[in-house]
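I would like the atomic coordinates for the input below:
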Amino acid sequence: MTDRQTDRQTDRQTDRQTGYPSVDKPWLKYYRENAEKEANEIPENKTVWDVIEDSLKKHMDIPALEYFGRSISRKEFIDNVYLWAKTFKALGVRENEIVAFYGPFMPDICYMALALNHIGACPYFLKLAISPEALAEETVECKIAIVFDQMWEKVKGEFTKERFETVIVAKITDAMSAPKKQIVFALSGLKGKTKIPKEKKYLSIREARKLAGGYDGELRADFVRERNTFITSSSGTTVGGVVKGVVATNESVLTQLSMADASGCQYFKGERCLNHFPPTAATSLNILFLLPLYRGMTIVMDPRVSEKDFYRQLTKYHVNVVCSTGSAWEAFFNRLDAEIRRGRCFDFSYIKSWVVGGEGTDSKKFIRWQEILRKTGSDRGLASAYGSSEVFASACSEWEHVRYDFSKPIMSIGIPFAGLNVGVFDQNGNELGYNQRGELRIKSNSIMKGYYNKPELTAKTKLNGWICTGDLAEIDEKGFVYIWGRLKDTVKTSDGRSIYLFDIANKIKEKEYIDDAIVLNKSADSESVDLVAHIVWDASVKNEDKERNLIDLTECIKQYEPSVSLNTFAFHDVMLPYSPTTLKKDKNRMASQKEGFIKVIDGKVIKDI
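Okay, the predicted model is just below:
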């Protein structure tokens, strides 16, 4: 962006200063003049595959995927989509049929998802941490399932039932070169590890692909407006949260691609994007798969998500674009900082868009991470962003020319994308003004069609064209959005008021001796309160100072909120635990902790209760 463009945008301040963000839209001054209109212009009567195929053909010289060292061309990608379209037709998949997917992202999963879109069917990417009861409920209409062989034990109770006519079994080695397969088998001991039945309905990827040769009929389904296109799973980070399948349409998905174009998305032809998330998340399906393909990038696909793997991916693959959660980034920077202290050198000058999403992070950590990246050659550093499955991922982001100035005590998630509207509302549905806290609501042509087979939940979440996010937020006069936490994250005080637990956690994190904290109600009874603060000490804190700090912390909380009793603590080394499937702070795990607490009573510390 040129200085002249920036000046023109600054001058283009809206004259409408009503005091309501959704009317004033102060964020539009950062975009080009017609960005909002352009963001909502999508191809007429086109499917997602129609648009992606056209884009692939424009950049045939650039690999589509890179998978464990194997480069997959755009031609091979296109050919494989049509091969799987034939396979699904040969299996009898009909228009509007739902096909269940359970497992990570791999090349054949990419082809299958777009093949189903081409024939008018719909993949449902199931939550990996789904319960048996929810699995049965969410797949009740499915006759075909695709499952990752290493996760078979988690779903065999449902997928072995007679109503599943075909189960296609995918392996991590399916798209690898032959030499790489042998190495992986030898190192991982995968041979003979799964116990999938040897029956006719269970097909390997290789066996299923052969079925394509038996079909020579029509493939492309006629375009139908608002057809179910992809179903992703809500992350379900709320303790005891309900599993929800979020239905996207061709129109909503293509709007997201158009919004990225109009917003000046930092995805550039020929560059590289890491995809390490399972397709259950709209983030993975949209901004780490469809968007990079659409923008002419190569997707570096590696389905391993451990701390060690994420560190290796970022230090080995030289990816320009990656998005992950605050917890995943924290683990990465902890390792990176340790390696730098040991004398290892890194060059991250190629970074274009490394994004902190998910549950985000706090300003203190974000600033520290930025300093590390600057020391390793990056002039871009990280960007903070926010998305929601209900809008098919992207909602707000920092941009190269639009960066948060840390003027508030919490981290901003940036400004809304062009073509998307946001507002903050009170519990009666009245919009609030700038710098007031209320529920963040989003309006966009990219919002979900609804929750799969959950009309009542859909009606509660979609109100008059707005998506009710369930997040407590505020918006400032510059157009920057701030997320405080989940609206449900409250407890009743002794005097009958409701208070937000993250407000208490933020007060705890103000202390220089605290690196991170989260406050949970560990009472099984929703009417009673038994608070515990899960904390991570700052690395500079000495063991002999911890008892004194705990007593100080208890007094601090008492002064901040006298009606709250919080004198129970749980310590965690290095960082708070996070879920291996969502990569977000694992509230369920922390809430289920039964022992190992430290309590402060009458100014004395009692250990191991």
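
shaky segments in the stretch 401-550 of the chain?
523-528 (pLDDT under 70).

now do the helices in it.
455-461, 501-509, 546-560 (DSSP state H, counting those that start in this stretch).

right, and the helix or strand after the last one?
When you say that, I think you mean helix 546-560. strand 568-571 (DSSP states H and E).

quick check: next helix or strand after that next one?
Later in the chain than strand 568-571, the nearest helix or strand by DSSP H and E is helix 587-591.

check the offset of the following helix or strand past that following helix from the chain's centre.
Remark: after helix 587-591, the chain's next helix or strand is strand 598-601, criterion DSSP H and E. How far strand 598-601 lies from its chain's middle: 37 Å, per CA atoms, centre = their mean, to the nearest Å.

and if you look at stretch 577-586?
Put simply, stretch 577-586 sits 11 Å off its chain's centre (CA atoms, centre = their mean).

show me this protein divided up by domain.
As given by automatic domain parsing, the domain ranges for the chain are 3-44+238-486, 48-222, 490-606.

now do the longest strand seen in the chain against helix 501-509, angle only.
Ordering each strand of the chain by length in residues (DSSP state E) puts strand 466-475 first. For strand 466-475 against helix 501-509, the angle by axes from the mean of the first three to the mean of the last three CA atoms, to 10 degrees is 30 degrees.

number the chain from 21, please
Sure, I'll start counting at 21 from here, so that last one is strand 486-495.

and strand 486-495, which strands flank it?
As defined by DSSP bridges, the strand partners of strand 486-495 come to strand 458-463 (antiparallel), strand 482-483 (antiparallel), strand 501-506 (antiparallel).

what comes up buried for the first one?
Of all the residues in strand 458-463, those buried under the rule 16 or more other CB atoms under 10 Å are Gly458, Glu459, Leu460, Arg461, Ile462, Lys463. Any C-beta I mention is one placed from the backbone N, CA and C, and that applies to glycine too.

I'd like those residues as CSV, with distance to Ile430 appended.
Listed next are these as CSV, based on distance: CB to CB, whole Å:
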residue, distance to Ile430
Gly458, 15
Glu459, 16
Leu460, 14
Arg461, 19
Ile462, 19
Lys463, 24
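
so where's the stretch 21-170 of the chain shaky on pLDDT?
Low-confidence segments of the stretch 21-170 of the chain, defined by pLDDT under 70: 21-36.

okay, strands next: where are they in it?
Taking DSSP state E, counting those that start in this stretch as the criterion, the stretch 21-170 of the chain contains strands spanning 85-87, 90-92, 118-122, 142-145, 164-168.

of those strands, which is nearest Ser304?
With CB to CB as the measure, strand 142-145 is the member of the strands of the stretch 21-170 of the chain nearest Ser304 (8.6 Å).

against Ser466, how distant is Phe412?
Using CB to CB, to the nearest Å, Phe412 is found at 5 Å from Ser466.

what is in contact with the two at once?
Common neighbours of Phe412 and Ser466 are listed as Ser272, Val273, Gln276 (criterion: CB atoms under 8 Å, 6 or more residues apart in numbering).

make a PyMOL selection of whichever of those residues turn out to be buried.
Per 16+ other CB under 10 Å, the buried members of the shared contacts of Phe412 and Ser466 correspond to this PyMOL selection:
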select buried, resi 272+273+276
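
in helices, which of the shared contacts of Phe412 and Ser466 appear?
Judged by DSSP state H, those include Ser272, Val273, Gln276 as members of helices.

need those in a markdown table with distance to Lys578 and pLDDT, can you?
Shown next, in a markdown table, are these (distance: CB to CB, whole Å; pLDDT from 0 to 100):
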| residue | distance to Lys578 | pLDDT |
| --- | --- | --- |
| Ser272 | 48 | 98 |
| Val273 | 50 | 98 |
| Gln276 | 47 | 98 |
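
what's the closest of these to Tyr472?
Among these, Ser272 lies closest to Tyr472 (CB to CB), at 14.1 Å.

mind checking how far that closest one is from Ala55?
Relative to Ala55, Ser272 is positioned 19 Å away (CB to CB).

returning to what we had before: mind checking which of the strands paired with strand 486-495 is nearest Arg609?
Nearest to Arg609, of all these, is strand 501-506, at 16.8 Å by CB to CB.

quick revisit: and the strands of the stretch 21-170 of the chain: which comes nearest Val444?
Nearest to Val444, of all the strands of the stretch 21-170 of the chain, is strand 142-145, at 30.8 Å by CB to CB.

which strands or helices does the closest one pack on?
Secondary-structure packing of strand 142-145 (3 or more CB pairs under 8 Å, 6 or more residues apart in numbering; DSSP states H and E): strand 118-122, helix 127-138, strand 248-253.

for these, could you give me a markdown table that also reports distance to Asn60?
Below are the helices and strands packed on strand 142-145 laid out as a markdown table (distance: least, CB to CB, whole Å):
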| stretch | distance to Asn60 |
| --- | --- |
| strand 118-122 | 28 |
| helix 127-138 | 21 |
| strand 248-253 | 18 |
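
can you add mean neighbour count and give these back as CSV?
Formatted as CSV, these follow (neighbours: other CB atoms under 10 Å):
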stretch, mean neighbour count
strand 118-122, 25
helix 127-138, 25
strand 248-253, 26
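
rewinding a little: distance to Thr252 added to the domains of the chain, as TSV?
TSV is the format used below for the domains of the chain (distance: least, CB to CB, whole Å):
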stretch	distance to Thr252
domain 23-64+258-506	4
domain 68-242	5
domain 510-626	13
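
among these, which is nearest Phe250?
Distance to Phe250, taken as CB to CB, is lowest for domain 23-64+258-506 among the domains of the chain, at 4.7 Å.

tell me the gap between that closest one and the middle of its chain.
Counting by CA atoms, centre = their mean, domain 23-64+258-506 is centred 9 Å from the centre of its parent chain.

same question, stretch 87-99
Mean-position distance between stretch 87-99 and its chain equals 25 Å (CA atoms, centre = their mean).

can you tell me the distance between the two ends of it?
Stretch 87-99 has its terminal residues 17 Å apart, counting by CA to CA, to the nearest Å.

stretch 120-139 now?
Termini of stretch 120-139 sit 16 Å apart (CA to CA).

between the strands paired with strand 486-495, which one is closest to Ser417.
Shortest distance between Ser417 and those, using CB to CB, is found for strand 501-506: 9.8 Å.

only the C-alpha atoms, please, for the closest one, written as CSV.
Extracted as CSV, the C-alpha positions of strand 501-506 are listed here (Å, rounded to 0.1, in the frame of the first residue of the first chain):
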residue,chain,number,x,y,z
VAL,A,501,-12.2,-4.9,18.4
TYR,A,502,-11.3,-6.4,21.7
ILE,A,503,-12.4,-9.8,23.1
TRP,A,504,-12.6,-10.1,26.9
GLY,A,505,-13.8,-13.7,27.1
ARG,A,506,-16.9,-15.9,26.9
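
in it, which residues are buried?
Residues Val501, Tyr502, Ile503, Trp504, Gly505, Arg506 are the ones in strand 501-506 that count as buried (16+ other CB under 10 Å).
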